[in-house]
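A.B. asks: Next one to model:
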Amino acid sequence: MYRSRKSPVIFNFFSWYISYILKKDFAAHSFNALSFADDEAVLLLANHFSWWDGFILFHLNQVAIKKQFHVLVNAEEYKKHWFLKYMGAFAAEHTGKDVIETLVYAGKLLDDPQNLVLVFPQGKAYPGPVRSVTFEKGIMQLVNASRKKFQFIFSVTLADHSMGRKPQMKTYLTKWDAEEYVSLQLLKSEYNKHYESAIRQQNKDV
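C.D. replies: Sure thing, here's the model as predicted:
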């Protein structure tokens with residue numbers, strides 16, 4: 001398993017740099033206000049359509065949620081971009097047993113109320129709009145490895161190219177109050193309700 005590493009100097013630099021490039025490359029990035037409990041960790045489930053997704057949500061956490069940021073990435077991305085591990089990225093090094101170990105590790109992170117764990121349930125980026133967001137089975141191993149005392153936050157980030165050369169990015173957030181028994185199908189269904197709602201809202205705003 002590839003774990004995250006700590007370096008305040010590198011972390012602080014990239015926190016500043018990400019804020020800078022988001023302002024430079026996008027006309028705007030906005031998100032709706034949402035309250036977050038201080039005494040519960042956050043499992044942030046998000047759609048994945050571009051290379052920017054993780055950086056946008058890293059920045060959102062810095063300015064709004066303010067938890068310790070962790071993000072599950074694939075091994076290829078972890079090795080390709082050396083700085084990710086200093087921003088909270090972790091990954092399975094091999095298939096099979098190591099994947100399970102990584103998912104259990106992610107679940108245990110959610111037992112600490114100071115943490116946020118970002119997961120892209122699709123497993124990889126799907127450029128452009130999709131009809132619905134797919135969920136890999138591993139998400140339930142992550143959930144079940146925790147004490148289930150955390151907040152489910154659904155995030156949908158969409159790009160609006162109608163206002164000029166640079167796109168505007170908007171992140172739609174909602175909190176889902178999980179039932180006592182959470183299945184993969186239920187989680188996928190509830191997330192996609194939010195996904196569809198976000199698309200309708202964007203179309204209304206344009």
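
A.B. asks: Could you use CA atoms for every contact and neighbour count after this?
C.D. replies: Fine.

A.B. asks: and the spatially most central residue of the chain, which of the three is it?
C.D. replies: The residue lying closest to the centre of the chain (C-alpha atoms, centre = their mean) is residue 118, at 3.4 Å. Using DSSP: H, G, I helix; E, B strand; the rest coil, the three-state assignment for residue 118 comes out as strand.

A.B. asks: in the sheet, who's paired with it?
C.D. replies: residue 44, residue 71 (DSSP bridges).

A.B. asks: My guess is it contacts residue 67. True?
C.D. replies: No. Using C-alpha atoms under 8 Å, residue 118 is not in contact with residue 67, being 11.1 Å away.

A.B. asks: Show the subsequent helix or strand relative to the lengthiest strand in the chain.
C.D. replies: Identified as the longest strand of the chain according to DSSP state E is strand 150-160. Sequence order places strand 168-176 as the next helix or strand after strand 150-160, per DSSP states H and E.

A.B. asks: list the helices and strands that following strand packs on?
C.D. replies: strand 28-31, strand 150-160, helix 184-205 (3 or more C-alpha pairs under 8 Å, 6 or more residues apart in numbering; DSSP states H and E).

A.B. asks: again, 7 Å this time
C.D. replies: strand 28-31, strand 150-160 (3 or more C-alpha pairs under 7 Å, 6 or more residues apart in numbering; DSSP states H and E).

A.B. asks: buried residues in that strand?
C.D. replies: Residues of strand 168-176 classed as buried: 168-175 (neighbour count, 16 or more other C-alpha atoms under 10 Å).

A.B. asks: repeat for stretch 38-48
C.D. replies: Neighbour counts over stretch 38-48 (16+ other C-alpha under 10 Å) mark 40-48 as buried.

A.B. asks: So what would you say the end-to-end distance of that stretch is?
C.D. replies: 27 Å (C-alpha to C-alpha, to the nearest Å).

A.B. asks: Tell me, how many residues neighbour residue 2?
C.D. replies: When neighbours are defined as other C-alpha atoms under 10 Å, residue 2 has 18 of them.

A.B. asks: list the contacts for it?
C.D. replies: Applying C-alpha atoms under 7 Å, 6 or more residues apart in numbering to residue 2 gives the contacts 90-93.
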